[in-house]
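sequence first, predicted coordinates after that:
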Amino acid sequence: MADKDESSNYIVPAADSKSKALLLRYPISLPDFGSGGKTNQWRLQMPVIDQDKCIKCIICWADCPEATIHRKSDDSVEINYDYCKGCGICANECPTKAIRMVDE
Amino acid sequence: MQTKVITGSRSVATAVMLAKPEVIAAYPVTPQTEIVEDIATFIEEKRLGSRFIKVDSEHSAMGACIGASSAGARTFTATSSQGLLYMDEVVHWAAHARLPIVMAVATRALAAPWSILNEHTDFMTQLTSGWIQIMAENNQDALDSMLQAYKIGEDPRVTLPVMVGLDGFILTHTSMPVEIPEQADIDSFLGERKPEFEIDVERPFTFGNVIDERYYIDMRHKMFESMQAAKEVIGSVSNEYKRLAGREYSMLECYNCDDAEHIIVSIGASSGDAREASDRLRKEGVKAGAVRIRVIRPFPSEEIAKALGGAETVTVVERSLSVGGGNILAHEIRSALYSAHGPEEAPFVKGFITGLGGKDITPNDYINMVGITRERPTGDEWFGLTGG
């Protein structure tokens, strides 16, 4: 589940987290992608993009409070479901209703 | 080594001057105010080089100490009563963040109604906070405990903050002779603070991030282990301090205890009156003793079991109240004795709720309370009500 290194007080979290290290003595972590673990468990509904309706305005990319929407080189977008908490701001802001909130 | 006749407030401020914290942040509240005023004077006179951060509240004062301590600084703050309650959220944060901040608490009753006078309930609200808690008996003890507090808290086996309590007005505003250690001795005693981690742009960390449910319990366990380890560190620091200053301190102090059948337990400034009461009781043929508990966190359970285990009755006199619970200290002492000796062997423990809001506790009061304990040895009782 986790590899402990007692000598340094470090703990390397289980494979599902990309965080390099957390300290169990001090509440200190290395800055990393999702160092607090996956936050997708918080989600009740997931945003789903209809790429046919997407006009590549990147409003969802700009408004996502958790930066879990990835903007590709052609301005099409992709959601990182490991960290999306399902707040629904992207679906609310999308001018063409290309994003729907779907029950998990 | 100089001896000066100074107040408890000046004793704490003098200890701060000797310990040289880089950052001090505090907000005034009676009866703590003179500690901060004295420190401000020392800084103004360039006898102390600390950065004094003026803040808008006690919450901000502890926040400033947390920031500075995270950056590697030695820090100090002081408060009382409502100020400590207003600070409460970040008091716990400081301990969980493992920052060895030192705070003086000039104890005072809680409102409403307003009372600026002495009581320990404010101090006792922090028993679950993760701070090491030392309660001084006199101004010398306050100065010495403050200096030991930095050494204990900053020890890599501990890395927890330390709270030094002193009775509001009874110590903070009363002058008595205090020996002031030499600066050079304290410099070598304390050394520099060497944190394992600090805010450093070359070595970035996230401080106080979220942790998931698998590991949170382990972090609390490490706090608990460090608090247990503090018992040994308190002992070794005390020995080192004794070589420097000639005064010895322990988790608790026993007086007339060896053959005592009836023992009074107290904390803080009124403990001298408890010892006086035990002397007077001895003259009347009652084998009485007195124990002062100096360190309340970590709670000295083993020492208490040893010191009180042979007595018939224990009379716990404390200026604090958990409404709906009773005498806070008596509950913990019962627990320590029951755990160590079992229901058949443990002495009776009677808790007295008294001295609230500055009401005097005299040697005669202690004698009367021991008498009540001998008549009715179980449960808690109130003492000193006016009957109004």
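All right, it came through fine.

hey, where'd the strands end up in chain A?
When secondary structure is read from DSSP state E, chain A shows strands at A:3-5, A:10-12, A:22-23, A:28-29, A:45-49, A:69-71, A:77-79, A:99-103.

quick check: residues of the stretch 101-250 of chain B near chain A?
B:159, B:196-197, B:204-212, B:214-215, B:218-219, B:222, B:226 (Cβ under 8 Å from any Cβ of the partner chain). C-beta here means a position set from N, CA and C on the backbone, and glycine is covered the same way.

for PyMOL, write the selection for the buried entries among the residues you listed.
Of those, the buried ones go into a single PyMOL selection, burial set by 16 or more other Cβ atoms under 10 Å in any protein chain shown:
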select buried, chain B and resi 159+197+205+206+207+209+211+215+218+219+222+226
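
grab the nearest non-local neighbour of the residue nearest the centre of chain A.
Note on chain A: the residue nearest the mean C-alpha position is A:Tyr83, at 2.2 Å, using Cα atoms, centre = their mean. Once flanking residues are discounted, A:Tyr83 sits nearest to A:Thr68: 4.6 Å by Cβ to Cβ, 6 or more residues apart in numbering or on different chains.

pLDDT value on the residue nearest to the centre of chain A, please?
pLDDT, A:Tyr83: 90.

pretty sure B:Ala104 is in a helix, no?
No. Assignment of B:Ala104 by DSSP: H, G, I helix; E, B strand; the rest coil gives strand, placing it outside any helix.

so what's it bridging to?
Beta-bridge pairing of B:Ala104 under DSSP bridges involves B:Ala78, B:Val164.

and for it, the neighbour number?
31 (other Cβ atoms under 10 Å in any protein chain shown).

same deal with B:Arg243?
Other residues lying near B:Arg243 total 9 when counted by other Cβ under 10 Å.

cool, B:Lys350 as well?
Neighbour count of B:Lys350, defined by other Cβ under 10 Å: 25.

am I right that it is in a helix?
No. Going by three-state DSSP, the assignment for B:Lys350 is strand, not a helix.

which residue packs closest to it, ignoring adjacent ones?
Using Cβ to Cβ, 6+ apart, the closest residue to B:Lys350 is B:Thr373 (4.2 Å).

what pLDDT does the model give the one you found?
The model's pLDDT for B:Thr373 equals 98.

now the residue of the stretch 201-350 of chain B found nearest chain A: phi and psi?
Among the residues of the stretch 201-350 of chain B, B:Val210 lies closest to chain A, at 3.8 Å counting by Cβ to the nearest Cβ. Backbone torsions for B:Val210, taken as degrees, to the nearest 10, come to phi -70, psi 150.

same check on B:Ile35?
Dihedral angles of B:Ile35 (phi, psi; degrees, to the nearest 10) stand at phi -60, psi -50.

contacts only, for it.
Contact analysis of B:Ile35 by Cβ atoms under 8 Å, 6 or more residues apart in numbering or on different chains lists B:Ser9, B:Val12, B:Ala13, B:Ala26, B:Ala78, B:Ala104, B:Ala106, B:Thr172.

and chain A, what are its domains?
Domain ranges of chain A: A:1-35, A:40-103, per automatic domain parsing.

between those domains, which has the poorest average model confidence?
domain A:1-35 (a mean of 53).

and what about the residue nearest to the spatial centre of chain B, helix, strand or coil?
Closest to where the C-alpha atoms of chain B average out (Cα atoms, centre = their mean) is B:Ile134, at 2.5 Å. With three-state DSSP as the basis, the three-state label of B:Ile134 is strand.
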